[in-house]
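K.L.:
no FASTA, just this:
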């Protein structure tokens, strides 16, 4: 445990609270000083740490891949170029096996989703007290470093994918064709109300399942790390190392699942049913 002056519940609450900026009903505009204040700031509050780390990791991804692209060589490639090329081939293979239409957006979209989510998930492997302690020394009360443990981040990504699904569904099928799929399938025009119910529920389930699956798995993983950190030091090492090794599989798998489902949903948006 980071300090003997706080209880276990306070320690857990502190590590699960975002650095939130917004308007508080009593204290006005500013950063939340407690978990309760953060919760009371409402819908329009901004989780600054989520924004900071997600944008920062996105910039890191863009910088690294652009640097490799500018320095690519036809001769013997370096380790970084080998890694990037392998990653691109891996994503391309998945796109080609699932998406059988012409759309230059899909492969870059899939690559961005996989790498960006993987980088955000990987932050969960940093010991839970390190960065919050450094932030505390700088006068920052809260600092969550794993953006994908924030439902706002995962839902934002899922809704972005959902927007693309709607856009390409209408673009490829026309507005009439898209609405016809909702109204007349799978049971024909005589079951229109039931068709609408089934199709709308299925459509809305796509972004919700994308967001909650990623958030739930990463939040649970973070919670386990926090609980391990409450144990005696020697027990922490016994439990945290195996869990961290297993968690590498989890963070990779969650990024892969989000990418694959995005490709599947985009393929469905391009197909006539």
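P.N.:
Looks like it came in fine. Values in this document were obtained by computation on a predicted structure and should not be read as measured data. Residues are numbered from 1 along each chain as shown.

K.L.:
My read is that residue 206 contacts residue 264, right?
P.N.:
No. Residue 206 lies out of contact with residue 264 (CB atoms under 8 Å); the separation is 9.5 Å. For glycine as for every other residue, the C-beta is placed from the backbone atoms N, C-alpha and C.

K.L.:
tell me the average confidence for the host helix or strand of residue 215?
P.N.:
In the assignment (DSSP states H and E), residue 215 maps to helix 192-229. In this model, helix 192-229 has an average pLDDT of 95.

K.L.:
starting at the chain centroid, how far to it?
P.N.:
Taking CA atoms, centre = their mean, to the nearest Å, one finds helix 192-229 lying 11 Å from the centre of the chain it belongs to.

K.L.:
With residue 31 as the reference, measure out to residue 218.
P.N.:
24 Å (CB to CB, to the nearest Å).

K.L.:
For the two, indicate the residue with more neighbours.
P.N.:
Between residue 218 and residue 31, residue 218 has the larger neighbour count (other CB atoms under 10 Å), namely 26 against 18.

K.L.:
For that one, which non-adjacent residue is spatially closest?
P.N.:
residue 148 (4.4 Å; CB to CB, 6 or more residues apart in numbering).

K.L.:
doesn't residue 221 make contact with that neighbour?
P.N.:
No. With contact defined as CB under 8 Å, residue 148 does not reach residue 221; the gap is 9.6 Å.

K.L.:
Looking at these two, which is more packed in?
P.N.:
The neighbour comparison of residue 148 against residue 221 (other CB under 10 Å) goes to residue 148, with 32 against 23.

K.L.:
quick one: the more buried one and residue 168, what's the gap?
P.N.:
Remark: distance between residue 148 and residue 168 (CB to CB) = 25 Å.

K.L.:
residue furthest from the geometric center of this structure?
P.N.:
residue 190 (40.4 Å; CA atoms, centre = their mean).

K.L.:
Where does the prediction get shaky in the stretch 1-150 of the chain?
P.N.:
Within the stretch 1-150 of the chain, the ranges that satisfy pLDDT under 70 run 1-4.

K.L.:
how many other residues sit next to the closest residue to residue 107 other than its chain neighbours?
P.N.:
In this structure, residue 107 finds its nearest non-sequential neighbour in residue 95, 4.9 Å apart by CB to CB, 6+ apart. Around residue 95 there are 22 other residues, counting by other CB under 10 Å.

K.L.:
Kindly report the same for residue 160.
P.N.:
Per other CB under 10 Å, the neighbour tally for residue 160 reads 15.

K.L.:
Correct me if wrong: residue 149 contacts residue 215.
P.N.:
Yes. Counting by CB under 8 Å, residue 215 is a contact partner of residue 149 at 6.9 Å.

K.L.:
more crowded one of the two?
P.N.:
Set residue 149 next to residue 215 and count neighbours by other CB under 10 Å: residue 149 wins out with 26 against 20.

K.L.:
Mind giving me the packing neighbours of the helix or strand residue 88 falls within?
P.N.:
Secondary structure from DSSP H and E places residue 88 in helix 79-98. Identification of packing neighbours for helix 79-98 by 3 or more CB pairs under 8 Å, 6 or more residues apart in numbering; DSSP states H and E yields helix 48-70, helix 106-122, helix 233-270.

K.L.:
name the helices or strands packed onto the longest one?
P.N.:
In terms of contacts (3+ CB pairs under 8 Å, 6+ apart), helix 233-270 is packed against helix 79-98, helix 106-122, helix 151-184, helix 192-229.

K.L.:
from those helices, which stretch is densest packed?
P.N.:
Among the helices and strands packed on helix 233-270, the stretch with the highest mean neighbour count (mean count of other CB atoms under 10 Å) is helix 106-122, at a mean of 21.

K.L.:
wouldn't residue 119 be in contact with residue 57 here?
P.N.:
Yes. With contacts counted by CB under 8 Å, residue 119 reaches residue 57, the gap being 4.3 Å.

K.L.:
before we move on, the earlier item: not counting its own residues, what contacts the helix holding residue 88?
P.N.:
When contacts are defined by CB atoms under 8 Å, 6 or more residues apart in numbering, helix 79-98 is touched by residues 64-65, 68, 71-73, 77, 106-107, 110-111, 114-115, 259-260, 263-264, 267.

K.L.:
if you set the cut-off to 10 Å instead, what comes out?
P.N.:
The contact list for helix 79-98 (CB atoms under 10 Å, 6 or more residues apart in numbering) reads 64-65, 67-69, 71-73, 76-78, 103, 106-115, 118, 256, 259-264, 266-267.
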